[in-house]
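Enquirer: dropping the sequence and predicted coords here.
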Amino acid sequence: MSSGTGASVPTLGHENYLNVSYGVKSWLLTTDHKRIALLYLVSITLFFFLGGAFAVLIRLNLLTPQGDFVSAETYNKFFTMHGVVMIFFFLIPSIPAVLGNFLIPLMIGAKDLAFPRLNLASWYIFNLGGLFTLYSIIRGGVDTGWTFYTPYSSLYSNTHVVTTVVGIFITGFSTILTGLNFIVTIHTMRAPGMTWFRLPLFVWTHYATSLIMILGTPVVAITLALVAVERVFHLGIFNPALGGDPVLFQHLFWFYSHPAVYIMVLPAMGVTTELITTFARKKLFGYHLVAAASFGIAVIGFFVWAHHMFVAGVSPYAAMIFSILSYLVAIPSAVKVFNWMATLYKGSVSWATPMLYGLGFIGLFVMGGLTGLFLAALGLDVHVHDTYFVVAHFHYIMVGGAVMGYLGGLHYWWPKISGRLYPEALARFSAVVLFVGFNLTFFPQFILGYLGMPRRYHAYPPEFQVLNVLSTAGASILGIGYLLPMFYLIWSMRYGPVAGPNPWPATGLEWQTPSPPPPHNFDVTPVVSWEPYDFANRPDLKYPAPAPELGHFQPAAQD
Amino acid sequence: MAGRVDALFFFLLAVSLFISLLVLVLIIAFSIKYRRRAPNEIGAPIGGSIKLETFWMVVPLLLSMVMFGWGASLYMSMQHPPPQAMEIYVVGKQWMWKLQHPEGQMEINELHVPVGRDVKLTMTSEDVIHDFFVPAFRIKADVLPARYTTIWFRPTKAGRYHLFCSQYCGTNHAVMGGWVTVMEPAEFEAWLAGGPVEGSLAEAGERLFQQLACNNCHASSGKGRGPSLVGLYGSTVRLQGGQTVVADDDYLRESILNPRAKIVAGYGPDMPVFQGLVSEEQVLQLIAYIKSLAPPQAAPGQPGTAAESKRPAGEARKLP
């Protein structure tokens, strides 16, 4: 096979999904999973920077103990909208809807997803939900916290709760449809020879994620619909004065929203597995166990929800069961981490940008995971619950984990998506900036939490100021770390060196087709006869000489 | 308790630091030792090792079970206030804390307690969910509408400690807090004696009991239209339909506000609904009064935990 040797020949002249047709209509009516992935990329990037803007405002307000930047009312809206936008409109769709959409058909050797039109419909549904939420924000926002706890959300808040939850409700359908599409595609459209245990781990984690999407999302949709119903029609569902139970909401909400964390982090684990194997040029250590661990996480993840409620007056015996299950769900995560480490052992480790993100993911995920053990310990959770300790913990998982995975994946597959390479030195620099900025932002919050600073506080006692200022300083560095890739990735689409089909080179099927791929992905349906990540038996995979790490790429010969 | 929580915290911190450092050192060591020296160099063909993988499944599992057990035993002792704890009633509302001492003192956003005594808080909310959090004591519990939750602590050092609301409750959530002042016992006695108080909580409840004409039906002889309340608290009540219920705080609250929810066997659904007619503080006063109605021969009781539900009726608890 000649793949991987094409960098000296400019490859962008071939017909590919980007140049096959032009014009707005060709994008808005496309059913090509690769174009839809890019549509999602645009949507969620906009939402990411919107959510990020709220984060900036939050951090600015917390510079002073009195919180004199904005009023308490405004601050409460800021953190609510930061959470709503980031979770429902960025993190949940991020890796699955962009990278998963783009890569799953390519990785299994298929022409497209099983339901291409449904895939386009998902994107429209996503944006429709997003518009409702944007409308709520423009009309004055919502102040319930992204968790919408009753009876505050259903009876007391005077903000735009209903339009916001309608937006989330609608967006949920896009998640469900994407999950459905992935599952059917993975079952029915694998290329000849692509057996289950030849699937890249990225596909396995997306399968596990899709299960959560299908089984969990309807529950949060119904729950939020009940909040809207109670608000509008004054039914006694969560309102204790009418015989309802406000804590019931928390059970229903976390039944989805805890597994939702795995929707965010499982795909990032999939990305990390691809990064570690490619840049250690080595088989994954314990493929079967890592694949099984994804399902362990997805299944046990459904039975840990009440660990968000250890101080909510639940039965102490129920709390003990949820505590023990929370520890059990940590085991598959630990297994993954140790298997990644073992994969590095006697590997051929490159420090290319995606690998920096992959290693960064492991480090931050380990810290996020270990602090989860603090929160699962019942007697200790009582102290740190609802403090900045929790805020720091879930940002380590969701930002340090999921977003690092997303950016690592975006860099890794960028040559496949755009056909071009980004500037390597700048990319490595920004990965380091991001890592440093992230830790400086969120590590002080662990200490703040242990010292007792509650979350969602517009103002705070003066003794907490130093750590808050540190956190805000870190956030400004973190912000640069996010802006840089946006600029150089866009720049590289036009000016980056031509990448060739397999610049790293990696074993996945997606690298066996030109970059960017042709509209139907493969000119000839590939036949798979090798194990995943089996570099030892793939002498055909060679770096395009000279190696990209040495930075000797020829500039693109043509546009 | 704070010391026990911190011990667990530092145990977890030590384990976490060890694992984080191990991961960090291994990542750096492997990345340097096995760095790619030639562009097409490949890694050793190692596919896995059942032994190793079992090892790093079992060791974290065992370690995490230690954490679980430690955390759970701590939690259980937090859930069960010692008998004879002094009982403070707390009502949270947007955005203040109202506290009542058994002796009758009322406080807002302040709580005065003596050093060295167990203090049990019985808490409810008038509106949304709040959370009573004193970081220095390592205690926290949600405060729910229409329900009582309890926590307890034993202050060991005089001083002033932050009280926070830690469950988001609306606009002024961040300023819904105050101070817990821990005083030397003698000082505390002086403080108790200092304030203008119209009798104890139970006495306030008794006055209310008469004002609301509860005594017309709930005669202590047991011959009224309603059951006698003497010795009721903590006893097992037989309901219409044969079920039984332990007469705890939640049951009394429900029976005052919404009496038709559970009808005592042998009585009719005659009692009017007091929902909206009495405040949460008044309900707590009434409960304090009912608690004080111990029959003359009663022995000192145990605190109202679920475990004592089999105690014979009539053995009521005395106010601390």
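Expert: Arrived safely. Numbers count the residues shown, from 1 in each chain, chains lettered A, B, ... in the order given.

Enquirer: check which element follows the helix ranked longest in chain B along the chain.
Expert: Counting by DSSP state H, the longest helix found in chain B is helix B:2-33. Using DSSP states H and E, the helix or strand that follows helix B:2-33 in sequence is helix B:50-79.

Enquirer: how long is stretch B:95-115 from one end to the other?
Expert: 28 Å (C-alpha to C-alpha, to the nearest Å).

Enquirer: what is the rounded mean pLDDT of it?
Expert: For stretch B:95-115, mean pLDDT is 93.

Enquirer: helices or strands up against the longest helix of chain B?
Expert: Other elements packing on helix B:2-33 under the criterion 3 or more C-beta pairs under 8 Å, 6 or more residues apart in numbering or on different chains; DSSP states H and E are helix A:316-344, helix A:353-376, helix A:378-384, helix B:50-79. Backbone N, C-alpha and C define where each C-beta goes, glycine included.

Enquirer: show me the contacts for A:K346.
Expert: A:K346 makes contact with A:282, B:34, B:43-44, B:46 under the criterion C-beta atoms under 8 Å, 6 or more residues apart in numbering or on different chains.

Enquirer: most neighbours of all the residues you listed, which one?
Expert: Counting neighbours by other C-beta atoms under 10 Å in any protein chain shown, A:K282 leads the contacts of A:K346 with 28 neighbours.

Enquirer: which regions of the stretch 101-250 of chain A sit below the pLDDT cut-off?
Expert: Nowhere does the stretch 101-250 of chain A drop to pLDDT under 70.

Enquirer: so B:L121 sits in a strand?
Expert: Yes. Counting by DSSP: H, G, I helix; E, B strand; the rest coil, B:L121 is part of a strand.

Enquirer: buried ones in the longest helix of chain B?
Expert: In terms of neighbour count (16 or more other C-beta atoms under 10 Å in any protein chain shown), helix B:2-33 has its buried residues at B:2, B:4-5, B:8-9, B:12, B:15-16, B:19, B:23, B:26-27, B:30-31.

Enquirer: same check, this time on stretch A:70-88
Expert: For stretch A:70-88, the neighbour count (16+ other C-beta under 10 Å) marks A:70, A:72-88 as buried.

Enquirer: again with stretch A:49-61
Expert: Buried residues in stretch A:49-61, counted by 16+ other C-beta under 10 Å: A:50-52, A:54-61.

Enquirer: could you report the neighbour count for the residue nearest to A:L484 when sequence neighbours are not counted?
Expert: Distances taken as C-beta to C-beta, 6 or more residues apart in numbering or on different chains place A:S430 nearest to A:L484, at 3.8 Å, with adjacent residues excluded. Neighbour count for A:S430, taken as other C-beta under 10 Å: 26.

Enquirer: same thing with B:M65?
Expert: Neighbour tally, B:M65, other C-beta under 10 Å: 13.

Enquirer: what's near enough to touch it?
Expert: A:324, A:327.

Enquirer: distance check, it against B:G178.
Expert: Taking C-beta to C-beta, to the nearest Å as the measure, B:M65 falls 40 Å from B:G178.

Enquirer: name the SS class of B:V128, please.
Expert: Applying three-state DSSP: B:V128 is coil.

Enquirer: may I have the phi/psi pair for it?
Expert: Dihedral pair for B:V128: phi -90, psi -180, per degrees, to the nearest 10.

Enquirer: list the residues that contact residue 283.
Expert: You didn't say which chain, so I picked chain A. A:277, A:343, A:531, A:533-536, B:43, B:45-47.

Enquirer: wrong chain, I was asking about chain B
Expert: So B:V283 contacts B:253, B:256-257 (C-beta under 8 Å, 6+ apart).

Enquirer: part of a helix, is B:G104?
Expert: No. Assessed with three-state DSSP, B:G104 is coil; it does not lie in a helix.

Enquirer: packing partners of the helix or strand hosting the residue nearest to A:L484?
Expert: A:S430 belongs to helix A:424-451 when assigned by DSSP H and E. Applying 3+ C-beta pairs under 8 Å, 6+ apart, one finds that helix A:424-451 contacts helix A:353-376, helix A:378-384, helix A:388-395, helix A:404-418, helix A:465-495.

Enquirer: and the first one, what does it pack against?
Expert: Looking back up the chat, that one is helix A:353-376. Using 3+ C-beta pairs under 8 Å, 6+ apart, helix A:353-376 is in contact with helix A:246-280, helix A:316-344, helix A:378-384, helix A:388-395, helix A:404-418, helix A:424-451, helix B:2-33, helix B:50-79.

Enquirer: quick one: low-confidence residue ranges for the chain.
Expert: Defaulting to chain A. In chain A (pLDDT under 70), the answer is A:1-12, A:544-559.

Enquirer: you answered for a different chain; I wanted chain B.
Expert: Low-confidence segments of chain B, defined by pLDDT under 70: B:196, B:295-320.

Enquirer: one more time with 50, if that's ok
Expert: Applying pLDDT under 50 to chain B picks out residues B:298-320.

Enquirer: how about the strands in it?
Expert: Applying DSSP state E to chain B gives strands spanning B:86-93, B:96-100, B:106-108, B:110-114, B:119-125, B:130-134, B:139-143, B:149-153, B:159-165, B:178-183, B:236-238, B:244-246.

Enquirer: would CSV of those strands with mean neighbour count and distance to A:R117 be doable?
Expert: Below are these laid out as CSV (neighbours: other C-beta atoms under 10 Å in any protein chain shown; distance: least, C-beta to C-beta, whole Å):
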stretch, mean neighbour count, distance to A:R117
strand B:86-93, 23, 52
strand B:96-100, 21, 56
strand B:106-108, 14, 62
strand B:110-114, 19, 63
strand B:119-125, 24, 50
strand B:130-134, 27, 48
strand B:139-143, 26, 47
strand B:149-153, 23, 52
strand B:159-165, 20, 50
strand B:178-183, 20, 59
strand B:236-238, 15, 63
strand B:244-246, 15, 58
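
Enquirer: a markdown table for these, including distance to chain A?
Expert: Formatted as a markdown table, the strands of chain B follow (distance: least, C-beta to the nearest C-beta, whole Å):
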| stretch | distance to chain A |
| --- | --- |
| strand B:86-93 | 11 |
| strand B:96-100 | 14 |
| strand B:106-108 | 19 |
| strand B:110-114 | 16 |
| strand B:119-125 | 9 |
| strand B:130-134 | 6 |
| strand B:139-143 | 5 |
| strand B:149-153 | 4 |
| strand B:159-165 | 5 |
| strand B:178-183 | 11 |
| strand B:236-238 | 20 |
| strand B:244-246 | 15 |
